[in-house]
Every structure is written in structure tokens, then in C-alpha cells.
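Q: my questions concern the predicted model and sequence given below.
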Amino acid sequence: MSGKPSHPPRGDAQRAGLDSRRYAVTLASAVLDQGVFLDDAMSARAEQRSKLAPRDRAFAHAVLLALFRGLGRIDAEIDARLSKPLPENATRVRNILRIAAAEMVFLETPAYAAVDAAVRMAKRSDPRFSGLVNAISRRLGEAAADIRTKPTVTAAWFEKALVSDWGAETAARIQEAHQQQPPIDLSLRAEETAAALAQELDAEALPTGGLRLRSSGAVTALPGFEEGAWWVQDAAAALPAKILVETTAPRAKVLDLCAAPGGKTLQLAAGGAEVTALDVSDKRLARLRENLKRTGLRADIRSEDALSWAPSTLFDAVLLDAPCSASGTVRRHPELPWIKSLAGLRDLVTLQDNLLDAAWRMLRPGGVLVYCTCSLFKAEGEDRAAAFLDRTDDARTRRIAADRFGVPEAICDGGWLRLTPALWTDRGGMDGFFVARFEKQASTA
């Protein structure tokens, strides 16, 4: 796969109604002004979304993803054309301009269509700025081709953090990967069906054992969905459970901590484990229950706080996918750098340490713990693994061999797995992940 962004056909952008653009502006305001993730903003406005035609919903989603991926460039270009800054209470006006710019620059909507829609929205929202919106959006349209070729600009804190951990060259490759529309990956209930499903779904078989779709669309309409033959899960996110399953015996008692939304629980159950899936949020576990029902797989679901829960017996293996910054998922959530910061990282690191210690207490001697985060930051990955080893006398690293997963270059010096979006760029990339595997030494007393 080329990994190039997937946008609606140019004609769809021209035909997109004003309601779809108003919907996009409303969502942009929720995300950028209130710091809400796009998925959550859409869920909160499900009624408004339901009134749009499928084509208009797809257009709104595409223009928003384009906006968040190109926000640094777009804001710089808007500001360069303003004679004075917009008032602080004119955030909707700025978001109207942002949507118009994203359309013209990245979706290549003809200027007349985007400008007309922007002016009509401005007249309805705040007529005082309709003339300014007309002038600025026209100028942006005239420069759209030039703006499209300018370098990517991301949030300053995010760029600094990436460079600090990985150096300027690797950080640049990661940022380039973040500009691409990610493909859809599937994990399979039975990996022996991979060849047949790959042909039926027009998908690429991956060295991780899953499939990568060659086109996008409504996954619920694809063959095998209703039968539970597969579920959507990024190739990187699929590796922690595979790494754990390969080190456990059939019917092993496995605990999936922080289990929701449940892709890893499904993998563990499909691998033959007796799984206990625990998460503090019963609401988030609802999706796991639905997927277990669809796939016919089984797990013992517990809505409990992992820090205080005490199992009646110790587990053979524990998988801890700890809460984190989610910085490895920017390909799928390009708004993240613009609505988050490093302000809460210290609290997350403390939680990760506490969860690691709690998971260790639930593991029997000789058992295996796999710790992972969907983070690009070493503070949530390599540093946490090293700190855990320093304070845990009976913990030993069990090295991960990743050649068979097609990512041999992803092994850290400590025998851990470090995945970044800069890997697999020729086939569509992958999310950022850190994975460490530890074995609990038996007591010598």
C-alpha cells in the first residue's frame, strides 16, 4: 500500500451540502476549543450526524482528518493573511476558515464551492466577519497548491518530545507517517483462515498473522464480520497478545488488565487461554461483551479497579496494556497533539508504575507479564520497563524476537519491542507501541 491519504472523490466535496460543513465546523470547535477527541465529539452529536446522508458524513469526517493533520500549516497561513488577530470570542469564525482551508488545500475542493459555503456559515454565525471570511478564504484558495507543498507543522510540545526521545531524523519520519491515512488491519479468530479471507476481502496477509485491507469502507458490511471471523485491530496493537500467547501453555489462566475495548482479550481467547478481562469502566467493557458475542469467544469479564482488586488465585500470565498518552495513535487521531500536552504525563507514569506492581502481585512464580503502551514516549515505555526491573528483584526480561513479525529493527537494547509509525512505510505503516515481557522467578528460599 502507498499509505497516501484517502479522500472522497473531488466531486463529492463539490456536492457536499452546507449541513455537512456546519457539522464539520461544530466538531472542529468541540475538538479544538474544548479539547475533546473527535470520536467522542461525534458520539455526543450522534443525532445531528444521523440527519446527514452517508456521503455528507464521509465528507465531514475526511475534511476534519485533513484539518487536524494540516492544522499547523493552516493556522500559519490564516494568521499570515489577517491584518490583526481574530478576537478571542471568534473561535467559530476561525474554525470556518480552517474547514474552508482544509477543503481547498488537502481535499482540493474548488475554491468557489468552499468559499461560498464558508461565507454562508459566517453570515449565519457572526455576520460581522462574513466579509473577512470571504476575503481570507479566497486568498487561501488562490494559494492552495503552494500551501499543499509546504512542510508539516505539528504542535511544538509534541515535536520537542519526539526529537528529545528519537532525534530529529527519526522524529521527522514519524511526523511524515502521521500525515498518511492509516489502513485498516484485521486480527483473525483463526489464523489458518488468513489465505482464504485475504482473497475474499482483497487484503494483504501480514507477517503478524493478521490482514490489511487494500481499500476502506464500512467494515460491518464485509464478509466474515457477522460471523465474527475477525475484528479491527492495528498490526502493532496485535503484537502484545501474540507475544504473550507464544509463552503460555494451552488453557493457561491469563489476566487482561485494562482490557477494554477488548481486541487483546479476543486474541487471548482465540489463542486458547482462559481469560479474565478486567477494566475499571463497565461502560467501556460493553464493546468487549458485544465482540465476544459476535465472535463466539469466551472471557470472564470483571469491572474492577486493577490497583485494589485481589484475585482468589494467581494467574499464569498477565497482559497489561496500561493507560498512556496514546501518542502512538496520532495516525488515527491526528487531533491529539493539538488537544493534549505533557502536563499529565507524570500522573500517567505513576499510574503505569502502580499498575505494573499490581499486575506482578497477581502473577504466579514462573509466570509471564507483558507490559505495553500505545505511546511513542520513552517515559511510558523503555523507562518504565527499566524502573520496574530496578525495583523488582524477582523480575527478569524475557527477550522478544521480532523477525517473524516483519519488524526485526524494532528490538530495543533491553530485548523489548519498540514500534513506531516510521516502520513499514512501504506497506502503510503501523501505530507506535512499546512492548516488554518479564518472567517471574521462582523463590529460592
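A: Received it, and whenever you're ready, just let me know what you need.
Q: can you give me the helices for the stretch 1-150 of the chain?
A: Listed in chain order, the helices found in the stretch 1-150 of the chain under DSSP state H, counting those that start in this stretch are 10-15, 18-34, 38-44, 46-50, 54-69, 71-81, 91-106, 111-125, 130-142, 144-148.
Q: pick the most deeply packed of these.
A: helix 91-106 (a mean of 26; mean count of other C-beta atoms under 10 Å). (C-beta placed from N, C-alpha, C; glycine too.)
Q: angle of that one against helix 111-125?
A: Helix 91-106 and helix 111-125 meet at an angle of 170 degrees, taking axes from the mean of the first three to the mean of the last three C-alpha atoms, to 10 degrees as the criterion.
Q: now for the helix or strand harbouring residue 390, which elements pack on it?
A: The secondary structure element spanning residue 390 is helix 382-391 (assigned by DSSP states H and E). Applying 3 or more C-beta pairs under 8 Å, 6 or more residues apart in numbering; DSSP states H and E, we find helix 382-391 packed against helix 345-361, strand 363-373, strand 395-397, strand 433-440.
Q: what angle sits between the helix or strand hosting residue 268 and strand 363-373?
A: Assigned by DSSP H and E, residue 268 falls within helix 263-270. Our comparison of helix 263-270 with strand 363-373, counting by the same axes, to 10 degrees, yields an angle of 140 degrees.
Q: could you dump helix 263-270 to CSV, C-alpha only?
A: In CSV, the C-alpha atoms belonging to helix 263-270 read as follows (Å, rounded to 0.1, in the frame of the first residue of the first chain):
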residue,chain,number,x,y,z
GLY,A,263,-9.1,-6.6,21.0
LYS,A,264,-6.4,-8.2,23.0
THR,A,265,-8.9,-10.2,25.1
LEU,A,266,-10.3,-11.6,21.8
GLN,A,267,-6.8,-12.6,20.7
LEU,A,268,-6.0,-14.3,24.0
ALA,A,269,-9.3,-16.2,24.0
ALA,A,270,-8.8,-17.2,20.3
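Q: and it, what does it pack onto?
A: strand 185-188, strand 230-232, helix 235-245, strand 253-257, strand 274-279, helix 282-295, strand 315-321.
Q: could I get the next helix or strand after the last one in CSV with only the CA atoms?
A: The reference is to strand 315-321. Next helix or strand after strand 315-321 toward the C-terminus (DSSP H and E): helix 336-339. What follows is helix 336-339, C-alpha atoms only, in CSV (Å, rounded to 0.1, in the frame of the first residue of the first chain):
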residue,chain,number,x,y,z
LEU,A,336,-4.2,14.5,19.7
PRO,A,337,-1.1,16.8,19.5
TRP,A,338,-3.4,19.8,19.4
ILE,A,339,-5.6,19.0,22.4
